[in-house]
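Asks: pasting the sequence and the predicted model now:
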Amino acid sequence: MTRNRQLVTTLGVIAAAILFWMENPWFNPEDIQIGGLDLRAIATVVFWVLFLAVVVLMFQERNDAGATEVQVEGPAFTRFLFSNTQAGLFWLPIRLFLAFSWLEAGWGKFSGTGWLDGGAALKGFWTAAVAVPAQGHAPIAFQWYRDFINLLLQNNAFTWFAWLIVFGEILVGLGLLFGALTGFAAFFGALMNMSFLLAGSASSNPVLFTMAIGLILAWKVAGYYGLDRYLLPLVGVPWRARVQNGTVAPTPVPG
């Protein structure tokens, strides 16, 4: 095992242990205070730092010998679904459904009021989301996300954040509609879905999020019946490489 892999394993185990400690149902870490600081908040920051470090180290490991070795084979159907251009026909209706959903949502905000004219609608949504009722459950389940929304409210971020949401929804819709960088479009769509879900708004977000995850996994072929057929080869897809002595050397593509 390389030194980099040992470090990844160590940091990953520590991050998992911290997450287990924070999320276990047997006691409440937030009840522990150290010098007036919430230990849960500190542990949350430490977890995300470790998690990001693991991601960076794993990315660096891509050039190590054996990095391209397939150690656990998957079913043939999944390989077909996520890597065969013909499977683009399966993803096409899903892509179009998501595209029109995002375009409709974005255009409704663009042509309506409360979004591009000051963000009053977004301010109202955030204000309702951070409210903690005397009885029942609060819309936001995670305190860190409530703190994040409160920070945005305190700085009047809704005045410009509303523009990000409106044009973000429209751009995601256009990307999915034309099959242009489908994986990126689906990722940012899923990011908005998750943001709305964290704020306590279910609506159609669970369905859209689930479909977006499928498109992200199938990013190589989901936009094949669209502009990605021409765009992805420009950025080097398909990538075919062999790893020799820790370095990546290109393998000629037959034909």
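Replies: Noted; the coordinates are in hand. As the structure is a computational prediction, the values presented were derived from the model and not from experiment. Numbering: from 1, shown residues only.
Asks: what residues sit buried inside stretch 147-154?
Replies: 148, 149, 152, 153 (16 or more other CB atoms under 10 Å). (Glycine included, C-beta is placed from N, CA and C.)
Asks: same question but for stretch 109-125, I mixed them up
Replies: For stretch 109-125, by 16+ other CB under 10 Å, it's 109, 114, 115, 119, 121, 122, 123, 125.
Asks: closest one of these to residue 47?
Replies: residue 125 (28.1 Å; CB to CB).
Asks: give the helix, strand or coil label for the closest one.
Replies: Here residue 125 is recorded as helix under DSSP: H, G, I helix; E, B strand; the rest coil.
Asks: please name every helix or strand in contact with the helix or strand harbouring residue 190.
Replies: Secondary structure from DSSP states H and E places residue 190 in helix 182-198. Contacting helix 182-198 under the criterion 3 or more CB pairs under 8 Å, 6 or more residues apart in numbering; DSSP states H and E are the following elements: helix 88-111, helix 158-178, helix 205-217.
Asks: how distant is that helix from the center of its chain?
Replies: Chain-centre distance of helix 182-198: 6 Å, with CA atoms, centre = their mean, to the nearest Å.
Asks: and if you look at stretch 207-216?
Replies: The answer for stretch 207-216 is 10 Å, by CA atoms, centre = their mean.
Asks: could you do stretch 78-93 as well?
Replies: 21 Å.
Asks: just the CA atoms of it, as PDB, please.
Replies: C-alpha atoms of stretch 78-93 as PDB (Å, rounded to 0.1, in the frame of the first residue of the first chain):
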ATOM      1  CA  THR A  78     -25.100  -1.300 -15.800                       C
ATOM      2  CA  ARG A  79     -22.000  -1.100 -18.000                       C
ATOM      3  CA  PHE A  80     -24.300  -0.800 -21.000                       C
ATOM      4  CA  LEU A  81     -26.500   1.700 -19.300                       C
ATOM      5  CA  PHE A  82     -23.800   4.100 -18.200                       C
ATOM      6  CA  SER A  83     -21.200   3.600 -21.000                       C
ATOM      7  CA  ASN A  84     -22.900   2.500 -24.200                       C
ATOM      8  CA  THR A  85     -24.000   5.300 -26.600                       C
ATOM      9  CA  GLN A  86     -27.100   3.300 -27.500                       C
ATOM     10  CA  ALA A  87     -28.200   3.800 -23.900                       C
ATOM     11  CA  GLY A  88     -28.600   7.400 -24.700                       C
ATOM     12  CA  LEU A  89     -32.000   6.600 -26.000                       C
ATOM     13  CA  PHE A  90     -32.900   5.400 -22.500                       C
ATOM     14  CA  TRP A  91     -31.700   8.600 -20.900                       C
ATOM     15  CA  LEU A  92     -33.200  10.900 -23.500                       C
ATOM     16  CA  PRO A  93     -36.800  11.000 -22.200                       C
END
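Asks: quick one: contacts of it?
Replies: 214, 215, 217, 218, 220, 221, 222, 223, 224, 225, 229 (CB atoms under 8 Å, 6 or more residues apart in numbering).
Asks: just among those residues, which is most surrounded?
Replies: Counting neighbours by other CB atoms under 10 Å, residue 223 comes out on top of these with 30 neighbours.
Asks: end-to-end on stretch 19-27?
Replies: 13 Å (CA to CA, to the nearest Å).
Asks: what residues of it count as buried?
Replies: residue 22.
Asks: now do stretch 93-109
Replies: 94, 95, 98, 99, 101, 102, 103, 105, 106, 109.
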